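# A structural model of the following input is requested.
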Amino acid sequence: MSNIERDPTELRCGTSGHGDHVPKVDVLSARDVPLGGPRAMTVRRTLPQRARTLIGAWCFVDHYGPDDVADTDGMDVAPHPHTGLQTVSWLFSGEIEHRDSMGSHALVRPGELNLMTGGHGISHSEVSTTRTTILHGVQLWVALPEEHRHTGRDFQNYVPSPVRVDGAEVRVFLGTLAGDTSPVRTFTPLLGAELILEPRSTTTLDIDTGFEHGLLVDRGDVRIAGTILHAAELGYVGTGSGTLTLANETDTDARVVLLGGTPFEEQIVMWWNFIGRSHEEIEEARQAWVEGSRFGEVHGYDGGRLPAPALPSVALKPRGGCADLG
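This is a model prediction of the structure:
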């Protein structure tokens, strides 16, 4: 998915996890971002924001639907570039057609992980299929560490099997949880999983004490470490805890996405669809997209490329863990 804001903020980002072992939950609310024209869908974005920009290496969380797209434009994101990151697509309902400059042509379906590695540069398009009535899911980005941020392009698909634990059904698409491990390679220690929580159930999960975690609620009211999260809210828990207890406070199933990872200590700059280490790197990537170099071509998409927005004229110095740079 592309960041389609016309005037995207450039961010220089770092983390500042909680150092104690007492779970403390920071509740992050989403902001609405239109994905395209006036008839197109809206996504709810919880990362990045001023209160927090990273959870492990997770640096971008968009949550959308359930939207009836049968009579609207649905999702139609023209070919656009990425650098320094991986995109993680996870659907609850609907279907999305993915094409990229590696030549990959795949369908994103519910319960299937589609992971694309941008590294030095890749481009792709995303379009909801004509078979889709209700589109609903999450689009996530993972920042690549310095050692691997110029890695080659890659695309992977994985279908995790559900596992049961304490009143919950768990699908682990990255990392390890509830005794299940995804075979998909990551460049930093990560966790990504969907959990369906039974009505009024309580689930305790063993987690890595070195991980910080984020819990995104898709539906229901879920209590985590004593704090209630409502639909579309993201709860952050810092490192130090060996268990995480989730309680579904509703009379119907609740659905959540659990993200985690070791704190990402590097400073990164995010702007539009690029992740780099300096304003100059972002500028170089943008110019390469404008010139039609570096990112390859996406074949089969019916339409033109997504134009790059204008860069800010002044680079602002970072303030704390994350600050505007334009």
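# Go through stretch 282-290 and flag the buried ones.
282, 285, 286, 288, 289 (16 or more other C-beta atoms under 10 Å). All C-beta atoms are positioned from the backbone trio N, CA, C, and that covers glycine.
# Quick one: residues in contact with it.
In this structure, residues lying in contact with stretch 282-290 by C-beta atoms under 8 Å, 6 or more residues apart in numbering are 10, 81, 83, 121, 123, 269, 271-272, 274, 276, 294-295, 308, 311.
# which one of these sits closest to residue 250?
residue 272 (37.8 Å; C-beta to C-beta).
# Give me the number of neighbouring residues for the closest one.
Around residue 272 there are 24 other residues, counting by other C-beta atoms under 10 Å.
# Can you tell me how far it is from residue 289?
For residue 272, the distance to residue 289 under the criterion C-beta to C-beta, to the nearest Å works out to 9 Å.
# any common contacting residues for these two?
Contacts common to residue 272 and residue 289, judged by C-beta under 8 Å, 6+ apart, are residue 308.
# What's the separation between residue 206 and residue 300?
44 Å.
# Same question for residue 80.
In this structure, residue 80 and residue 300 are 15 Å apart, going by C-beta to C-beta.
# what about these two, which has more around it?
Neighbours around residue 80 and residue 300, counted as other C-beta under 10 Å, are more numerous at residue 80. The numbers are 23 against 10.
# OK, contacts around the more buried one?
Remark: with contacts taken as C-beta under 8 Å, 6+ apart, residue 80 is in contact with 2, 123, 124, 125, 273, 305, 306.
# pLDDT of stretch 102-120, averaged?
Averaged across stretch 102-120, pLDDT comes to 97.
# Span of that stretch from start to end?
The first residue of stretch 102-120 is 13 Å away from its last residue (C-alpha to C-alpha, to the nearest Å).
# Can you pull up the most central residue in the protein?
Here the mean C-alpha position of the chain is nearest to the C-alpha of residue 140 (C-alpha atoms, centre = their mean), at a distance of 1.3 Å.
# what are the bridge partners for that residue, then?
residue 61, residue 88 (DSSP bridges).
# how close does it get to residue 250?
Computed as C-beta to C-beta, the residue 140 to residue 250 distance reads 25 Å.
# Equivalent analysis for residue 103, please.
In this structure, residue 103 lies at 44 Å from residue 250, with C-beta to C-beta as the measure.
# ok, back up a step: and the residue nearest to the centre of the chain, what does it touch?
Neighbouring residues of residue 140 by C-beta under 8 Å, 6+ apart: 58, 60, 61, 62, 87, 88, 89, 90, 192, 259.
# try residue 26
Residues in contact with residue 26 (C-beta under 8 Å, 6+ apart) are 51, 52, 235, 236.
# Buried ones in stretch 224-240, by neighbour count?
Within stretch 224-240, the residues that count as buried by 16+ other C-beta under 10 Å are 224-225, 227, 229, 231, 233-240.
# ditto for stretch 245-260
If you call a residue buried by 16+ other C-beta under 10 Å, then stretch 245-260 has these buried ones: 246, 247, 248, 249, 254, 255, 256, 257, 258, 259, 260.
# who touches the second one in this structure?
This means residue 247. Remark: with contacts taken as C-beta under 8 Å, 6+ apart, residue 247 is in contact with 201, 202, 203, 222, 223, 224.
# could I get those as a markdown table with distance to residue 76, secondary structure and pLDDT?
Output for the contacts of residue 247, formatted as a markdown table (distance: C-beta to C-beta, whole Å; DSSP: H, G, I helix; E, B strand; the rest coil; pLDDT from 0 to 100):
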| residue | distance to residue 76 | secondary structure | pLDDT |
| --- | --- | --- | --- |
| 201 | 38 | coil | 98 |
| 202 | 41 | strand | 97 |
| 203 | 37 | strand | 97 |
| 222 | 32 | strand | 98 |
| 223 | 38 | strand | 98 |
| 224 | 35 | strand | 96 |
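# Using PyMOL, define a selection of the buried residues within those residues.
What follows is the PyMOL syntax for the buried subset of the contacts of residue 247, where burial is set by 16+ other C-beta under 10 Å:
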select buried, resi 201+203+222+223+224
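# Closest to residue 156 out of the contacts of residue 247?
Looking at the contacts of residue 247 and their distance to residue 156, the nearest is residue 203, at 28.2 Å (C-beta to C-beta).
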